[in-house]
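Undergrad: sharing a sequence plus its predicted fold:
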Amino acid sequence: MPPGSAAVLEAGALDGRWTSLQGELRKLGPPQRDPVAWGNLESAVERRGDAVVLVHPVKERVAHRLELWLLLLLAVAAAPPGGTPPARGVLLTRKDDTFTDSLVLLSPEPATAESLLEELVGLRAGARARCWPVPPATGWAWLEGGSEAGLEKARTAWEGGFAGGGERERPEMALCFGDDLPVESLLEGGFIEAATRLLQPVLEAIEPAQTRKARR
């Protein structure tokens with residue numbers, strides 16, 4: 001390629017991604033960024049219209065879903081009396097050169113949000129003396145697969161497969177569990193209980209695909 005052509009192509013791709021992201025954000029409404037706090041948890045939450053919005057310029061990951069869920073719970077629980085809590089959380093991530101709402105979570109009632117936050121705080125406190133027992137992608141795969149396919153889905157997520165390496169190869173997971181721990185050993189102990197307590201509420205809050213399609 002002529003000198004500088006690659007830079008021109010990359011600049012065009014970046015401009016296209018930026019335009020795509022701005023278009024998705026405009027659909028949701030004008031921005032509003034507010035600090036929220038509940039107990040000793042606090043964060044800055046971006047709201048647009050009736051939604052809490054989280055943007056990641058990469059492919060969607062389970063960690064992003066959990067981050068959105070925590071921000072949504074905080075925003076709902078911290079809503080002042082008489083205020084309007086957000087109705088949903090929207091995760092915008094990039095696929096190739098286009099941004100899209102890869103996940104929409106429906107808000108729980110304020111009392112339920114507080115109860116779920118108390119549960120998360122309790123889980124965090126119980127994990128301080130040891131490594132967290134639930135690698136997020138593997139736990140999600142196990143729950144999503146159900147009783148029949150859960151083990152094999154968790155095995156692929158944890159140990160890897162034809163599509164690439166597994167979650168156990170990530171540095172933080174190798175530090176906690178070793179990079180050769182089989183999935184059967186991972187699922188022993190408190191994995192299943194902790195995965196259910198941490199991830200099941202998020203799975204249940206996902207907006208059905210038909211509703212998302214109608215909203216678009």
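TA: Received, thanks. Numbering: from 1, shown residues only.

Undergrad: helices of the protein, residue ranges please.
TA: In the chain, the helices defined using DSSP state H lie at 5-28, 62-77, 110-126, 136-159, 171-177, 183-186, 191-205, 209-215.

Undergrad: adding mean pLDDT and distance to Ala87, write the ones you listed out as JSON lines.
TA: For every residue, glycine as well, the C-beta is placed using N, CA and C. Converted to JSON lines, the helices of the chain look like this (pLDDT from 0 to 100; distance: least, C-beta to C-beta, whole Å):
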{"stretch": "helix 5-28", "mean pLDDT": "70", "distance to Ala87": "12"}
{"stretch": "helix 62-77", "mean pLDDT": "96", "distance to Ala87": "9"}
{"stretch": "helix 110-126", "mean pLDDT": "91", "distance to Ala87": "12"}
{"stretch": "helix 136-159", "mean pLDDT": "90", "distance to Ala87": "24"}
{"stretch": "helix 171-177", "mean pLDDT": "90", "distance to Ala87": "34"}
{"stretch": "helix 183-186", "mean pLDDT": "92", "distance to Ala87": "36"}
{"stretch": "helix 191-205", "mean pLDDT": "93", "distance to Ala87": "12"}
{"stretch": "helix 209-215", "mean pLDDT": "70", "distance to Ala87": "11"}
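
Undergrad: look up how far Gly29 lies from the residue most central in space within the chain.
TA: For the chain, the residue nearest the mean C-alpha position is Arg65 (1.0 Å; C-alpha atoms, centre = their mean). Distance from Arg65 to Gly29, counting by C-beta to C-beta, to the nearest Å: 22 Å.

Undergrad: please apply the same query to Ser43.
TA: Taking C-beta to C-beta as the measure, Ser43 and Gly29 are separated by 20 Å.

Undergrad: okay but Leu105 is in contact with Ala87, surely?
TA: No - Leu105 is beyond contact range of Ala87, at 10.2 Å (criterion: C-beta atoms under 8 Å).

Undergrad: more neighbours, those two?
TA: Set side by side, Leu105 and Ala87 show more neighbours around Leu105, with 26 against 13, by other C-beta atoms under 10 Å.

Undergrad: ok, back up a step: closest one to Val52 among the helices of the chain?
TA: With respect to Val52, and counting by C-beta to C-beta, the nearest of these is helix 62-77 at 4.9 Å.

Undergrad: what residues sit buried inside that closest one?
TA: Of all the residues in helix 62-77, those buried under the rule 16 or more other C-beta atoms under 10 Å are 62, 64-77.

Undergrad: ok, so of the residues you listed, who is nearest Gly49?
TA: Nearest to Gly49, judged by C-beta to C-beta, of the buried residues of helix 62-77 is Ala75 at 13.0 Å.

Undergrad: hang on, the closest one packs against Pro85?
TA: Yes - counting by C-beta under 8 Å, Ala75 sits close enough to Pro85 to count as a contact (6.6 Å).
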